[in-house]
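**Student:** Structure for this input, please:
(one chain, ligands or ions: 1)
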Amino acid sequence: MHFQDAQKLRDALLIVGFVLMLGAHLYAPLLIPGAVTALSFVIPDYLYNKCPHCGKHLGRNTKKFCQHCGRSIK
Ligand SMILES: [Zn+2]
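**Tutor:** The predicted structure is shown next:
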């Protein structure tokens, strides 16, 4: 998985999980699936959100260059 796809998946999991947890206000059983979904953001973030050159974690970096090695990541 490309790191940009991992970042999109991470953000989508956080948003969907947060919306589910908000929905728990109306339907309480949504709380646990929402929390699990939101917390599962760590999987693509930890496994695939890495620089293709140095392999270090990119975090929230959406720029053109790795903040660790300075090489282009686009
Ligand atoms: Zn790097």
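**Student:** could you list every residue that touches residue 20?
**Tutor:** Residues in contact with residue 20 (CB atoms under 8 Å, 6 or more residues apart in numbering) are 30-31, 33-34, 37-38. Just so you know, the C-beta spots here come from the backbone N, C-alpha and C atoms, and that holds for glycine as well.
**Student:** For PyMOL, write the select line for the buried members of these.
**Tutor:** With 16 or more other CB atoms under 10 Å as the criterion, this PyMOL line picks the buried residues out of the contacts of residue 20:
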select buried, resi 30+34+37+38
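**Student:** Can you name the residues of this structure sitting close to the ion?
**Tutor:** Those residues of the chain that sit near the ion, judged by CB under 5 Å from the ion, are 51, 53-54, 66, 68-69.
**Student:** can you pull the contacts of the closest residue to residue 66 other than its chain neighbours?
**Tutor:** Nearest non-adjacent residue to residue 66, counting by CB to CB, 6 or more residues apart in numbering: residue 51, 4.2 Å away. If you count contacts by CB under 8 Å, 6+ apart, residue 51 has them with 3, 58, 66, 68-69, 71, 73.
**Student:** export these to a markdown table and tack on distance to residue 11?
**Tutor:** Listed next are these as a markdown table, based on distance: CB to CB, whole Å:
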| residue | distance to residue 11 |
| --- | --- |
| 3 | 13 |
| 58 | 13 |
| 66 | 19 |
| 68 | 21 |
| 69 | 24 |
| 71 | 24 |
| 73 | 17 |
